[in-house]
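>>> Sharing a sequence plus its predicted fold:
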Amino acid sequence: MQKTELKTGSWQRFRSSAKYNDRKSRAMTQMKNLLLGIFRFVIIVGISYVILAPVIGTVSRSFFSTQDSINPMVFTIPINPTVSRYTMAIKYMDYLPILGRTILYVIGVTLLQLLTCSMVGYGFARYKFPLKKLLFAFVVIMIVVPPQTIQFPLYMSFRYFGFGSDTVNLLKSPWPMVILSAFGCGLRSGLYIYIFNQFFRGLPKEIEEAALVDGANPWYTYFGIMLPNASPAIITVAVFSIVWQYNDSFFANTFNIPSSILITRKLDTLINVIANAEKINSLRELQLYFDAGVVLVLVPVVLIYLILQRRFIEGVERSGIVG
């Protein structure tokens, strides 16, 4: 009996010790998870602040009144907010008409890039032809080589566009970007070709084989079957192209695209226009009008991203450009 009681007491002490160790282990795990969560939160907030602080500052200053701009106590939140900066920026930027022309220009160039780059990417993914690897290497070079290295040849090509004495000057027009995009050489076209190539390589070949058995020709297979299945890649490239074409300054300045077509070029002259028209000499106050213009230019891009955010992220994940 005594041995049985001893064994029972030892078992109870063992169970109590095991429960204590289990509770201690769970508490340590919870503490580690809590500390890790706090660390992640601090890192995310810090990175978000670094990224968003300039944007928040620009939006805030665009509502500053003249008194707020000279008041050292006002940092982020204006005491006497005003929307006069926006009304003046809209007036002197001719905002709505130029924004409409900019959207038409950007959408047109984007559609050309989608058509050309998707066809080239599909060709690299599905067809075998001589010098395929070498040509794809040129596509990769288009991604890594900065466009500044070919700025002068591009300028001269479209300044004297044509052959022999039959040349025309295509500068000060959107035609250089239209021609480059139509031939797969536009802004970031190398990256778009790579995205489409990776996506089409991931689609099963049985789709095309079934289309071939049904008598579909290559053009119908591409436009009627493969391209509709590439909607994630299309949305990814479309968002990239719209944003980069909309914010482009390198090609716009190289080809001297008029400010009546690109609103970002109109923004560059906003300070000078307002200073001359309103006889304002204060650089501090002129900067407030410029901040309002920046916010007006950013609004369409933000709206596009908010509308396409979910499908854009899905397209990025399925396009093979992450990881």
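Received the coordinates, thanks.
>>> all strands for the stretch 51-200 of the chain, in order.
Chain-ordered strands for the stretch 51-200 of the chain, with DSSP state E, counting those that start in this stretch as the definition, fall at 161-163, 166-168.
>>> so where's the stretch 101-250 of the chain shaky on pLDDT?
By pLDDT under 70, the stretch 101-250 of the chain has no low-scoring segment.
>>> for it, what spans make up the helices?
Assigned by DSSP state H, counting those that start in this stretch, the stretch 101-250 of the chain shows helices spanning 132-144, 151-159, 175-182, 189-202, 206-213, 218-220, 227-229, 231-247, 250-254.
>>> list the helices and strands the fourth one packs on?
Taking 3 or more Cβ pairs under 8 Å, 6 or more residues apart in numbering; DSSP states H and E as the contact definition, the neighbouring helices and strands of helix 189-202 are helix 95-126, helix 132-144, helix 231-247. For the C-beta atoms, the positions are set from N, CA and C on the backbone; glycine is no exception.
>>> ok, back up a step: using TSV, lay out the helices of the stretch 101-250 of the chain together with distance to V42.
Shown next, in TSV, are those (distance: least, Cβ to Cβ, whole Å):
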stretch	distance to V42
helix 132-144	35
helix 151-159	43
helix 175-182	44
helix 189-202	34
helix 206-213	48
helix 218-220	55
helix 227-229	43
helix 231-247	30
helix 250-254	37
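>>> For V299, which of the ones you listed is the nearest?
With distances scored as Cβ to Cβ, the stretch of the helices of the stretch 101-250 of the chain nearest to V299 is helix 231-247 (11.4 Å).
>>> on that earlier part again, what's the closest of the helices and strands packed on helix 189-202 to N256?
Between N256 and these, the shortest separation by Cβ to Cβ is 14.5 Å, and it involves helix 95-126.
>>> Any idea how far that closest one is from the middle of the chain?
On the basis of Cα atoms, centre = their mean, to the nearest Å, the separation between the geometric centre of helix 95-126 and that of its chain is 14 Å.
>>> That helix - contacts with which helices or strands?
For helix 95-126, the helices and strands in contact under the criterion 3+ Cβ pairs under 8 Å, 6+ apart are helix 132-144, helix 175-182, helix 189-202, helix 231-247, helix 263-268, helix 283-318.
>>> picking that back up, Serialize the strands of the stretch 51-200 of the chain to CSV and add fields for mean neighbour count and distance to A182.
What follows is the strands of the stretch 51-200 of the chain, written out as CSV (neighbours: other Cβ atoms under 10 Å; distance: least, Cβ to Cβ, whole Å):
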stretch, mean neighbour count, distance to A182
strand 161-163, 11, 14
strand 166-168, 10, 17
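>>> quick revisit: for N80, find the nearest of the helices and strands packed on helix 95-126.
Between N80 and these, the shortest separation by Cβ to Cβ is 12.5 Å, and it involves helix 283-318.
>>> So which elements touch that closest one?
In this structure, helix 283-318 packs against helix 2-61, helix 66-70, helix 84-93, helix 95-126, helix 231-247, helix 263-268, helix 270-278, with contacts taken as 3+ Cβ pairs under 8 Å, 6+ apart.
>>> Q148 versus the residue nearest the centre of the chain, what's the distance?
With distances taken as Cα atoms, centre = their mean, the residue of the chain nearest its centroid is F240 (4.6 Å). Using Cβ to Cβ, to the nearest Å, one gets 20 Å for the distance from F240 to Q148.
>>> What of F75?
When Cβ to Cβ is the yardstick, F75 and Q148 sit 38 Å from each other.
>>> same question, F138
Following Cβ to Cβ, the distance that separates F138 from Q148 is 18 Å.
>>> And Y155, by the same measure?
In this structure, Y155 and Q148 are 12 Å apart, going by Cβ to Cβ.
>>> Give me the more crowded residue out of those two.
Remark: of Y155 and Q148, Y155 carries more neighbours, 15 against 9, as counted by other Cβ atoms under 10 Å.
>>> Next up, the contacts around the more buried one.
Taking Cβ atoms under 8 Å, 6 or more residues apart in numbering, we find Y155 in contact with 171, 254-255.
>>> check contacts around the residue lying closest to S260 once chain neighbours are set aside.
When the adjacent residues along the chain are set aside, S260 lies closest to I98, with 6.3 Å between them (Cβ to Cβ, 6 or more residues apart in numbering). When contacts are counted by Cβ under 8 Å, 6+ apart, I98 is found next to 259-261, 263, 266.
>>> Among these, which one lies nearest to I43?
I263 (35.9 Å).
>>> ok, how many other residues are close to the closest one?
Counted with other Cβ under 10 Å, the neighbours of I263 add up to 25.
>>> picking up where we left off before, whichever of the contacts of I98 end up buried, select them in ChimeraX.
Restricted to buried positions by 16 or more other Cβ atoms under 10 Å, the ChimeraX selection for the contacts of I98 reads:
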select :259,261,263,266
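>>> Let's have the contacts of I98 in TSV, adding distance to M226 and pLDDT.
Putting these into TSV (distance: Cβ to Cβ, whole Å; pLDDT from 0 to 100) gives the following:
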residue	distance to M226	pLDDT
S259	40	87
S260	39	87
I261	34	89
I263	35	90
K266	40	89
